[in-house]
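Novice: Got a sequence here, can you build the structure:
(2 chains)
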Amino acid sequence: GENVEQHPSTLSVQEGDSAVIKCTYSDSASNYFPWYKQELGKGPQLIIDIRSNVGEKKDQRIAVTLNKTAKHFSLHITETQPEDSAVYFCAASIGTGNQFYFGTGTSLTVIP
Amino acid sequence: GAGVSQSPSNKVTEKGKDVELRCDPISGHTALYWYRQSLGQGLEFLIYFQGNSAPDKSGLPSDRFSAERTGGSVSTLTIQRTQQEDSAVYLCASSVQGKQETQYFGPGTRLLVL
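Specialist: Predicted coordinates for the structure are as follows:
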């Protein structure tokens, strides 16, 4: 089955700096890659997603890039703010299946 | 409108007891997922319901785990003869039609097996 690896597991940045989280996947059939943000005591919330027919997608301060050849995708957060502090999960999905395969999460701390 | 709700929010039980966890999906969502989140780990897929189709149970870790979805709405995840390794946060999510659509997660049930 699909295997998703996520790095780093923890990340601290100064407010205003950029943060980058990287994920790799193993199954070339995966074609949908969502990113979730999980705040303490809450369930994950979708923040951005990308499908395999595009290489980059941007939404304000958040962007995701996808390299299908290398089988990796990344989340970029620019101009970080303290409220960006949370755990971020990447995931991969194969269109023919029901499952989403999640990375192990990155705990992001934005230092004011 | 209301999001996905789960109950109880916290559950402490003794090893060997059975527990039931409840999920109320967003009204009108036909797809419902259960996940397990262990400390420091990602989300582990457990089971998927889509409309009236047979559920995808491929993620259930053992026959002690089962789930039902009554009337295409509320779902119950049951863990029989709980073990300490079952301690985790159990998350439920729903989406409009499943597959690669946005999943909306509930806040989870934190299960502690003593």
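Novice: Specify the beta-bridge partners of the residue of chain B found nearest chain A.
Specialist: Per CB to the nearest CB, B:Phe105 is where chain B lies closest to chain A, at 3.1 Å. Yep, even glycine has a C-beta here, placed from its N, CA and C like the rest. When bridges are called by DSSP bridges, B:Phe105 pairs up with B:Ala93.
Novice: From A:Lys42, how far out is it?
Specialist: As defined by CB to CB, to the nearest Å, B:Phe105 lies at a distance of 8 Å from A:Lys42.
Novice: From B:Lys57, how far off is the residue most central in space within chain B?
Specialist: What sits nearest the mean C-alpha location of chain B, by CA atoms, centre = their mean, is B:Trp34, with 3.3 Å. The spacing between B:Trp34 and B:Lys57, counted by CB to CB, is 10 Å.
Novice: ok, back up a step: the residue nearest to the centre of chain B reaches B:Glu44, doesn't it?
Specialist: No: in this structure, B:Trp34 is not within contact of B:Glu44 by CB atoms under 8 Å, at 9.7 Å.
Novice: mind checking the SS state of the residue nearest to the centre of chain B?
Specialist: Taken by DSSP: H, G, I helix; E, B strand; the rest coil, the conformation at B:Trp34 corresponds to strand.
Novice: what's the answer for B:His29, then?
Specialist: The local conformation at B:His29, judged by three-state DSSP, is coil.
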